[in-house]
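Engineer: pasting the structure only:
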């Protein structure tokens, strides 16, 4: 049965899109058919990680939401772009980066039900094993949908007081929406922190499992969003931690 995985954070700057791209790619590299939808329509960017240039994005999620295109017309096979080996396949549905399109979405919004229908169509028509939703930070009716329909919700937080408080709110909302499986991921943890103690503290605070703890990495920063880190550096500890998280997603 296909799984929908929503990746969310209460605030921006947590590394959510980078996390989404690496986790989706890690799972695809194991032979699965994986789709990623960039629903962060006000501030899209995950297409950069998948080496999809703006001029290649003839159709986007925006066109589907406005009734100008089928959702599958906005799905691009980016497997070759990132050097993903067969038999795994990875598709991306990007959001438009055109200023006018972003302004139109912000002004008029869109039909949330249509988004849900699009997810179902993607899973069926592309025969996906996994669909990843890269959400917009914060809480809104759009993110409520992504949380509510997901089989697995991954909440990303940094070891930061504002993130802790915001994550507490999001965890409470997810429980009210009866999300089926919730996992936490700690990102950008300073090297001087005791990572195992940090994991235990977060699990005790939220009474939810921590799927992975990712230290702040200069190697990841140096890549500057030009490609997917786990493909370029498969033996790196960061990539190995993504493998750990991927195993938990596949096992659920």
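Structural biologist: Good, I have the coordinates. Because the structure is predicted, anything quoted here is derived from the model rather than measured.

Engineer: distance between the helix or strand harbouring residue 203 and the chain's centre?
Structural biologist: In this structure, residue 203 sits in helix 195-206 according to DSSP states H and E. Mean-position distance between helix 195-206 and its chain equals 22 Å (CA atoms, centre = their mean, to the nearest Å).

Engineer: contacting residues around that helix?
Structural biologist: With CB atoms under 8 Å, 6 or more residues apart in numbering as the test, helix 195-206 has contacts from 157, 159, 164, 167-168, 171, 184, 186, 189, 209-210, 213, 215. Yep, even glycine has a C-beta here, placed from its N, CA and C like the rest.

Engineer: now with 7 Å?
Structural biologist: Helix 195-206 is contacted from outside by 159, 167, 168, 171, 184, 186, 189, 209, 210, 213, 215, using CB atoms under 7 Å, 6 or more residues apart in numbering.

Engineer: same question for stretch 226-238.
Structural biologist: 21-22, 25-26, 49, 51, 82-84, 214, 217, 219-220, 223, 239, 242.

Engineer: cool, and stretch 131-142?
Structural biologist: So stretch 131-142 is contacted by 2, 4-12, 16-17, 20, 24, 34-42, 46, 112, 119, 122-123, 143, 146, 150, 170, 173 (CB under 7 Å, 6+ apart).

Engineer: of those residues, buried ones?
Structural biologist: 2, 4-11, 16-17, 20, 24, 34-41, 46, 119, 122-123, 143, 146, 150, 170, 173 (16 or more other CB atoms under 10 Å).

Engineer: show only the entries of those residues found in helices.
Structural biologist: Counting by DSSP state H, the buried ones among the contacts of stretch 131-142 place 16, 17, 20, 24, 46, 119, 122, 123, 143, 146, 170, 173 in helices.

Engineer: contacts only, for the last one.
Structural biologist: Think residue 173. Counted by CB under 7 Å, 6+ apart, residue 173 has contacts residue 139.

Engineer: quick check: buried residues in the helix holding residue 203?
Structural biologist: Under 16+ other CB under 10 Å, the buried positions of helix 195-206 are 198, 199, 201, 202, 206.

Engineer: how about the helices in this structure?
Structural biologist: With DSSP H as the criterion, the chain has helices spanning 16-28, 46-49, 61-65, 99-108, 112-125, 141-149, 161-176, 195-206, 218-223, 229-232, 237-251.

Engineer: still on that earlier bit, nearest to residue 101, out of the contacts of helix 195-206: which one, please.
Structural biologist: Checking these against residue 101 by CB to CB gives residue 167 as the nearest, at 30.7 Å.

Engineer: residue contacts, the closest one?
Structural biologist: Residues in contact with residue 167, defined by CB under 7 Å, 6+ apart, are 10, 155, 157, 206.

Engineer: find the nearest non-adjacent residue to it, please.
Structural biologist: Nearest non-adjacent residue to residue 167, counting by CB to CB, 6 or more residues apart in numbering: residue 157, 4.5 Å away.

Engineer: burial measure for that neighbour, as a count.
Structural biologist: Close neighbours of residue 157, defined as other CB atoms under 10 Å, add up to 26.

Engineer: just to revisit the earlier point, quick one: which of the ones in helices among the buried ones among the contacts of stretch 131-142 is nearest residue 130?
Structural biologist: residue 24 (7.2 Å).
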